[in-house]
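Novice: Below are the sequence and a predicted model; questions follow.
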Amino acid sequence: MLKKFIKQLREFWRINEVPNITETNAKFLKDLIKIGNYKNALEIGTANWLSAIELVSELVKNSWKLTTIEFSTPSYLQAIENIKKAWFEKNVKLLNWNALFLISELEEIYDFVFIDWMKRRSVDFLDLVWEKVELNWLIIIDDVIKFSEKMKWLKDFLRKNSIKYNIIPIDIDDGIMMIIKEKEFLAFNWEKDYSKEQIKDNVKR
Ligand SMILES: C[S@@+](CC[C@H](N)C(=O)[O-])C[C@H]1O[C@@H](n2cnc3c(N)ncnc32)[C@H](O)[C@@H]1O
């Protein structure tokens with residue numbers, strides 16, 4: 001039943017050119033969740049909810065959950081419909097906000113983070129999300145081969161801060177970056193183009 005629904009969604013969004021994760025990638029992420037026994041996942045970039053359905057279909061097997069953030073209201077509304085059709089309301093928190101302004105306000109700590117949003121802001125994201133991830137848990141960034149031009153800053157940032165990563169070519173034309181959070185930082189070595197205070201102000205407004 002769920003497989004049929006995912007297949008329908010995939011076909012519909014393929015026709016409408018939504019950049020959903022591929023089946024191969026979804027399978028890989030689900031296997032990681034299974035092996036790693038992850039309990040509390042965070043996704044940035046829900047779109048219509050295809051990747052979230054895939055992720056939560058694995059998380060739900062152990063009553064675990066997903067928080068996912070999307071700033072486009074039409075996509076968020078479609079996602080709400082899809083989540084209901086897949087019967088996953090209890091296991092998903094769907095947030096309609098700009099993740100750049102929301103992440104620092106999240107009160108939970110996550111063990112599995114999947115980033116599938118504005119590639120050129122990947123460094124901003126890592127800076128924000130780092131304190132929301134448990135030590136030794138996993139951060140995954142999608143589309144790092146396809147958009148490698150936009151990833152130069154990220155790689156520079158990782159090198160400057162001695163953060164280890166792996167790039168895995170999951171698909172024919174793309175791959176993911178895997179980062180295991182091995183250490184805490186008091187401050188990262190990089191120049192930001194915003195301040196955390198600005199972000200907090202923006203959330204309050
Ligand atoms: C590649 S799509 C996500 C696809 C989805 N993960 C899937 O595989 O089904 C990227 C999504 O990120 C959203 N997005 C981009 N920047 C964002 C931000 N700053 N905050 C929240 N969502 C954002 C876009 O609106 C878009 O729907």
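Specialist: Structure received.

Novice: Now Leu128: which helix or strand?
Specialist: helix 122-129 (DSSP states H and E).

Novice: contacts for that helix?
Specialist: With contact meaning C-beta atoms under 8 Å, 6 or more residues apart in numbering, helix 122-129 is reached by 42, 44, 99-100, 103-104, 113, 115, 117, 139, 141, 150-151, 153-154, 157, 179, 188, 190, 192-194, 199. Glycine gets a C-beta too; all of them are placed from N, C-alpha and C.

Novice: Any buried residues in the following helix or strand past that helix, and which?
Specialist: Downstream of helix 122-129, the first helix or strand assigned by DSSP H and E is strand 133-141. By 16 or more other C-beta atoms under 10 Å, the buried positions in strand 133-141 come out as 133, 137-141.

Novice: and this protein, which residues reach the ligand?
Specialist: Contact residues, the chain versus the ligand (C-beta under 6 Å from any ligand atom): 19-21, 45, 47, 50-51, 69-72, 75, 98-100, 116-118.

Novice: low-scoring stretches of this structure, by residue?
Specialist: Across the chain, the ranges flagged by pLDDT under 70 are 192-205.

Novice: now stretch 143-159: how far from the chain's centre is it?
Specialist: From the chain centre to the centre of stretch 143-159 is a distance of 16 Å (C-alpha atoms, centre = their mean, to the nearest Å).

Novice: Asn82 and Asn62, how far apart?
Specialist: 22 Å (C-beta to C-beta, to the nearest Å).

Novice: Look at these two and report which has more neighbours.
Specialist: Just comparing Asn82 and Asn62: by other C-beta atoms under 10 Å the higher neighbour count belongs to Asn82, 20 against 12.

Novice: which ones are touching the closest residue to that one other than its chain neighbours?
Specialist: Once flanking residues are discounted, Asn82 sits nearest to Trp49: 4.3 Å by C-beta to C-beta, 6 or more residues apart in numbering. Counting by C-beta under 8 Å, 6+ apart, Trp49 makes contact with 9, 68, 78-79, 82-83, 94.

Novice: tell me which of the residues you listed is nearest to Tyr38?
Specialist: The nearest member of these to Tyr38, counting by C-beta to C-beta, is Thr68 at 14.3 Å.
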